[in-house]
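Undergrad: Here you go, sequence then predicted model.
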Amino acid sequence: MQNIISEHTTCRTLKQMGYGSRRPHRVLLLSAKNRKRRLQFTQVQQNWTIEDWKKVAWSDESRFLLRHSDGRVRIWRKEHESMDPSCLVSMVQAGAGGVMVWGMFSWHTLGPLVPIEHRLNATVYLSIVSDHVHPIMTTVYPSSDGYFQQDNAPCHKAQIISDWFLEHDNEFTLLKCPPQSPDLSSIEQLWDVVEWEIRIMDVQPTNLQQLCDAIMSIWTKISEECFQHLVKSMPRRIKAVLKTKGGAQDGTSELQRRVCAYFRSCNILIY
């Protein structure tokens, strides 16, 4: 006679064995080629100390949406309450708008945050590096021992950009982050901080100007303790990627979990 085990019994047994129902961590989907590049990058940097990482200035662009839907929301309701207003989550069509910004920081300073009004192309990016990157790098690293990090966005690889960095290679070194590697770019966590602070605002921005003002205000309040903590985390990040042989770190793209971890580790993220 075949025994039948109920779903309830199965769940109870799994819990007794130490298992729990959880959302799976979201990790980067890496190609074999990019995994190899990540491994090569971390092998070169594996002996860098925090003092070495203090010489790096990170940069990146990020877009913040005026409206976003959170697919992680769950509710408790009765079967017939599916369309009850209290059980609905509002959605808007794509195109509600957003604000794109460019920023940079290093151990020594929280750099500027530059709103990008239109599409970011090589010409716009050239004006950013000329107006903001150059003066900061020459001021913060007067001995020409600094590194400027950027990712692999198409506009970053344009010929006019490569030529510009070549002209200034006697003042600082360009450090290119490997593709698909937000976990190796510390500024990604600063975007998480800004996003988190926007989400918990008592009064949410209702138009793009309010959103831009909120982003700029939050950025200026990020504490030194916060961004220096991110610099100090780099040796650990390098080791984690080495351990996975170029693979993704565990849960590196899970926004809330990561931001909360920084709240606990930094105690205070913004003034």
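TA: Looks like it came in fine.
Undergrad: Okay, helices next: where are they in the stretch 151-271 of the chain?
TA: Remark: helices assigned in the stretch 151-271 of the chain by DSSP state H, counting those that start in this stretch are 159-167, 187-199, 208-221, 224-232, 234-243, 255-266.
Undergrad: Correct me if wrong: K176 contacts Y147.
TA: No: the pair K176 / Y147 is not scored as a contact, 10.0 Å apart, by C-beta atoms under 8 Å. Where C-beta positions appear, they are placed from N, C-alpha and C, glycine not excepted.
Undergrad: What ranges in this structure fall below the confidence cut-off?
TA: For the chain, the stretches with pLDDT under 70 are 1-3, 14, 19-28, 68-96, 249-271.
Undergrad: Nearest the geometric middle of it, what residue?
TA: E188 (2.2 Å; C-alpha atoms, centre = their mean).
Undergrad: Name all residues that make contact with that residue.
TA: Neighbouring residues of E188 by C-beta atoms under 8 Å, 6 or more residues apart in numbering: 60, 182.
Undergrad: and it, how far is that from F105?
TA: 12 Å (C-beta to C-beta, to the nearest Å).
Undergrad: Next: A57.
TA: 7 Å.
Undergrad: Between those two, which contacts overlap?
TA: Common neighbours of A57 and F105 (criterion: C-beta under 8 Å, 6+ apart): G111.
Undergrad: I'd guessed W53 sits against V231; true?
TA: Yes: counting by C-beta under 8 Å, W53 touches V231, with 5.2 Å between them.
Undergrad: Identify the contacts common to the two.
TA: Common neighbours of W53 and V231 (C-beta under 8 Å, 6+ apart) are W107.
Undergrad: contact partners of stretch 39-55?
TA: By C-beta under 8 Å, 6+ apart, stretch 39-55 touches 106-108, 141, 145-147, 177-178, 181, 184, 231-232, 234-235, 238-239, 241-242, 245-246.
Undergrad: Between W53 and V231, tell me which one has more neighbours.
TA: W53 (22 against 19; other C-beta atoms under 10 Å).
Undergrad: now the helices: where do they sit in the stretch 1-150 of the chain?
TA: Ranges of helices within the stretch 1-150 of the chain are 7-16, 32-45, 50-53, 122-128, 134-140, based on DSSP H, counting those that start in this stretch.
Undergrad: got JSON lines for those helices, with distance to E225 too?
TA: Shown next, in JSON lines, are the helices of the stretch 1-150 of the chain (distance: least, C-beta to C-beta, whole Å):
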{"stretch": "helix 7-16", "distance to E225": "39"}
{"stretch": "helix 32-45", "distance to E225": "24"}
{"stretch": "helix 50-53", "distance to E225": "15"}
{"stretch": "helix 122-128", "distance to E225": "27"}
{"stretch": "helix 134-140", "distance to E225": "18"}
